[in-house]
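[1] Structure of the sequence below:
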Amino acid sequence: RGSWVFDDRVAASFTAEAESNIPGYRQVIQLSLAMLGHMFPPSPTVRLLEIGCANGNTLKALLAAGYADITALDTSQPMLAQCAAQVPSIPTSSLIQSATIPPSLAPFDAIFANWTLHFITDLAEREAYILACYAKLREGGLLVLTEKTMQPESVRALYASWKRQQGLTDLQIAQKEAALSGVLSTAPAEWYHRVLARAGFSEVCVAVAQLGFVTWTAVRREAGGGG
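    Numbers count the residues shown, from 1 in each chain. As a prediction, this is how the structure comes out:
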């Protein structure tokens, strides 16, 4: 198992780390907000959950767009500390260190889970987390899910080339890959389609896909609604 952990060092440099390792990082944040705004325009009554809030880049964008009732989860205390520092207007009670969705949280209109669940290496546990997302959405609620997916060598080579274009060296790329081995576990995109359907989601759609990173949007069915 690799040595990667979301410690103080990673938390302090997370934005640069994300932008140089995640294709479409800012694009996905903007798409998440655009989809949210289409379905649930900013209002004091709109309740949002962000799973894997990291250092708060998405949270900051949500607040700037006019959303206020936001709960943010992360497993890393250093990330939550960076989030609190970067987004001081968010109540500390809204920043929760947890590896699961706390049962006490009320249903949400939308859940963002971008670049997070692929760190749950056991696929049964990952599926259970997606089921929990469904359970915590109101009828008609939105899930935005982004994951690094399993890809053939040809696509992995293109991804490495993209990272070189971001200024990373071959040594840095190899070290990051080794550190993430056994920490980040990819699954085929088809696995996510099956799991989202089994969970009960409708309108499952690939909104963005780039070099193996895939963003899905999905909606919790209304009672009595079709698939």
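
[2] CA only for contacts and neighbour counts going forward, please
    Noted.

[3] any idea how far G182 lies from I120?
    Separation of G182 from I120 (Cα to Cα, to the nearest Å) stands at 10 Å.

[4] and L59, what element?
    Per DSSP states H and E, L59 falls inside helix 57-65.

[5] same thing with V214?
    Judged by DSSP H and E, V214 forms part of strand 213-220.

[6] going on from the helix holding L59, what's the next piece of helix or strand?
    Assigned by DSSP H and E, the successor of helix 57-65 is strand 69-74.

[7] What helices and strands are in contact with the helix holding L59?
    In terms of contacts (3 or more Cα pairs under 8 Å, 6 or more residues apart in numbering; DSSP states H and E), helix 57-65 is packed against helix 25-39.

[8] Remind me what the helix it packs on packs against, helices and strands.
    helix 14-21, helix 57-65, strand 137-148.

[9] got the contact list for the shortest one?
    Contacts to helix 14-21, defined as Cα atoms under 8 Å, 6 or more residues apart in numbering, come from residues V10, Y25, R26, A54, N55, N57, K163, Q166, G167, L168.

[10] just to revisit the earlier point, and the helices and strands packed on helix 25-39: which comes nearest S94?
    Proximity to S94 (Cα to Cα) singles out helix 57-65 among the helices and strands packed on helix 25-39, at 11.0 Å.

[11] so how far is that closest one from its chain's centroid?
    Averaging C-alpha positions (Cα atoms, centre = their mean, to the nearest Å) puts helix 57-65 14 Å from its chain's average.

[12] and it, C-alpha only, in CSV?
    The C-alpha trace of helix 57-65 is given here as CSV (Å, rounded to 0.1, in the frame of the first residue of the first chain):
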residue,chain,number,x,y,z
ASN,A,57,-12.6,25.3,-3.2
THR,A,58,-16.1,24.1,-4.1
LEU,A,59,-17.5,25.3,-0.8
LYS,A,60,-16.2,28.8,-1.5
ALA,A,61,-17.8,28.7,-5.0
LEU,A,62,-21.1,27.6,-3.6
LEU,A,63,-21.2,30.4,-1.0
ALA,A,64,-20.2,32.9,-3.7
ALA,A,65,-23.1,31.7,-5.8
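
[13] Give me the residues contacting that helix.
    The contact list for helix 57-65 (Cα under 8 Å, 6+ apart) reads T15, I29, L33, P42, E50, C53, A68, I70, A72, C83, Q86, V87.

[14] Weed out the non-buried ones from the residues you listed.
    Neighbour-count burial (16 or more other Cα atoms under 10 Å) is assigned, among those, to T15, I29, L33, P42, E50, C53, A68, I70, A72, C83, V87.

[15] Relative to A64, how far out is the nearest residue to the second one once chain neighbours are set aside?
    Read that as I29. Nearest residue to I29, sequence neighbours excluded (Cα to Cα, 6 or more residues apart in numbering): T58, at 6.1 Å. To A64, T58 is 10 Å away according to Cα to Cα.

[16] and what of F213?
    F213 is 26 Å from A64, by Cα to Cα.

[17] Give me the more crowded residue out of T58 and A64.
    Per other Cα atoms under 10 Å, whichever of T58 and A64 has more neighbours is T58, with 21 against 10.
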